[in-house]
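Student: got a sequence here, can you build the structure:
(chains A and B)
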There are 2 protein chains.
Amino acid sequence: MVFRYPNGRSYINNEPSKQKTQATVIKKKPTEFGKRGMRFEEAINLSNEYYLNRGLAVIHKKPTPIQIVKVDYPRRSAAVIKEAYFSQASTTDYNGVYKGKYLDFEAKETQNKTSFPFRNIHEHQIKHMEVCIKQEGICFILLNFSSLNRCFFLAAEELIVLWKEQETTGKKSIPLTTIEQLGIEIEPGLAPQIPYLKAVDRYINGKKGAN
Amino acid sequence: MVFRYPNGRSYINNEPSKQKTQATVIKKKPTEFGKRGMRFEEAINLSNEYYLNRGLAVIHKKPTPIQIVKVDYPRRSAAVIKEAYFSQASTTDYNGVYKGKYLDFEAKETQNKTSFPFRNIHEHQIKHMEVCIKQEGICFILLNFSSLNRCFFLAAEELIVLWKEQETTGKKSIPLTTIEQLGIEIEPGLAPQIPYLKAVDRYINGKKGAN
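Tutor: The predicted structure is shown next:
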């Protein structure tokens, strides 16, 4: 995990062009994704590009929040940050707009084969999803079981219930069987690699059906 | 302007708690806002907090995008960024959800008294607003004339037309009279300082009327 930021993000999300370099420099074997050695978040970022370029949705990953302490200004055009720290995000990583709907989600992966650890999800993300749902946003989490090469859409409504249960039961993870039952499986493709909008459509239609 | 990032943002937006400090250290007299010496973007951030705390909307400013080159890891818990650079944002500064609507906007201010310079607006922001509008997002710009202490909501649809005109006419700015005509003036208050959701409501209702 040494290659990761304290906030759990990896270099790989900040600057696609730098990814290979960084990964090499730090000699980190990337988590396999779809047997193409592609990391999950990179695959989502590329899927977002795909959706953006085809005018299907406008979803972006938010920059990693940084607290800047010291900046050198040899020239305004060449400011160099000399001291900065990673600060915790107050929201989820991804948001944007799709067919008039506000989408807001977090992407997480685990190498576990039978369950998804709650430690990957932070309370402030749960709270953020709760307030977004109140505003009629579409909130969810994309869960990738990298060892199984299986990816799921899990609606925030379901996640929040499970999260609150574990606060009382002390359960440390969500069983894969529960995710299979409550979530929508996303079949990885070539383009987009993670066609999560299909799951979003199913979720929205399901809600319509429920109403 | 030396206290500003090359991308035009100021320290003051990153870390509210640090604002005064930073401003002091850099001995920068803050742009007056509503005679309370408050900067425009700080006022918007506080207005967003107000809306968030009252469950009225969930709008956040995106972190400043940084490209990280060198990080020291004395301990995982204490990673220090030793070399990083400001990279250009590919979107607008603010987005979120309000009553089921996706809101996306940029906040800009000028000390000019008669017009708003186009140089404050970047082409990638125009392009971003165009694609968000296609997805039925509510896109706009909040313009603050700091010397006049007047603030306006200008719908992206109007801004885009003006932007495209200047590409041909070469006009360097938007006259205040045009903004008074096409925009919605926002009366600064105490809480929220910039009650921009009122303008958003007027805009949405106007669109309904138009349909």
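Student: give the next helix or strand downstream of the helix-or-strand element of chain A with minimal mean pLDDT.
Tutor: Of all helical and strand segments in chain A, the minimum by mean pLDDT, DSSP states H and E falls on helix A:19-25, at a mean of 36. The helix or strand immediately downstream of helix A:19-25 is helix A:40-53, counting by DSSP states H and E.
Student: buried sites along that next one?
Tutor: Judged by neighbour count (16 or more other C-beta atoms under 10 Å in any protein chain shown), helix A:40-53 contains these buried residues: A:Phe40, A:Glu41, A:Glu42, A:Ala43, A:Ile44, A:Asn45, A:Leu46, A:Ser47, A:Asn48, A:Tyr50, A:Tyr51, A:Leu52. C-beta: built from backbone N, CA, C; applies to glycine.
Student: with stretch A:78-87 instead?
Tutor: Across stretch A:78-87, burial judged by 16+ other C-beta under 10 Å covers A:Ala79, A:Ile81, A:Lys82, A:Ala84, A:Phe86, A:Ser87.
Student: stretch A:150-158 too?
Tutor: A:Arg150, A:Cys151, A:Phe152, A:Phe153, A:Leu154, A:Ala155, A:Ala156, A:Glu158.
Student: and the strands in chain A?
Tutor: Counting by DSSP state E, one finds strands in chain A at the ranges A:58-61, A:66-72, A:80-86, A:94-98, A:101-110, A:115-117, A:138-145, A:150-155, A:173-175, A:184-186.
Student: just send those strands back as TSV, with distance to B:Pro175 too.
Tutor: What follows is the strands of chain A, written out as TSV (distance: least, C-beta to C-beta, whole Å):
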stretch	distance to B:Pro175
strand A:58-61	31
strand A:66-72	36
strand A:80-86	38
strand A:94-98	31
strand A:101-110	34
strand A:115-117	56
strand A:138-145	40
strand A:150-155	48
strand A:173-175	57
strand A:184-186	50
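Student: turn the ones you listed into CSV, including mean pLDDT.
Tutor: Shown next, in CSV, are those (pLDDT from 0 to 100):
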stretch, mean pLDDT
strand A:58-61, 97
strand A:66-72, 92
strand A:80-86, 92
strand A:94-98, 98
strand A:101-110, 96
strand A:115-117, 96
strand A:138-145, 97
strand A:150-155, 98
strand A:173-175, 96
strand A:184-186, 98
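Student: distance to chain B for those strands - can I get that in TSV?
Tutor: Output for these, formatted as TSV (distance: least, C-beta to the nearest C-beta, whole Å):
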stretch	distance to chain B
strand A:58-61	5
strand A:66-72	5
strand A:80-86	4
strand A:94-98	4
strand A:101-110	4
strand A:115-117	17
strand A:138-145	9
strand A:150-155	16
strand A:173-175	22
strand A:184-186	21
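Student: quick one: closest of those strands to B:Val58.
Tutor: Set against B:Val58 and scored by C-beta to C-beta, the strands of chain A come closest in strand A:101-110, at 8.4 Å.
Student: packing partners for that closest one?
Tutor: Applying 3 or more C-beta pairs under 8 Å, 6 or more residues apart in numbering or on different chains; DSSP states H and E, we find strand A:101-110 packed against helix A:40-53, strand A:94-98, strand A:115-117, helix A:123-134, strand A:138-145, helix A:196-210, strand B:94-98, strand B:101-110.
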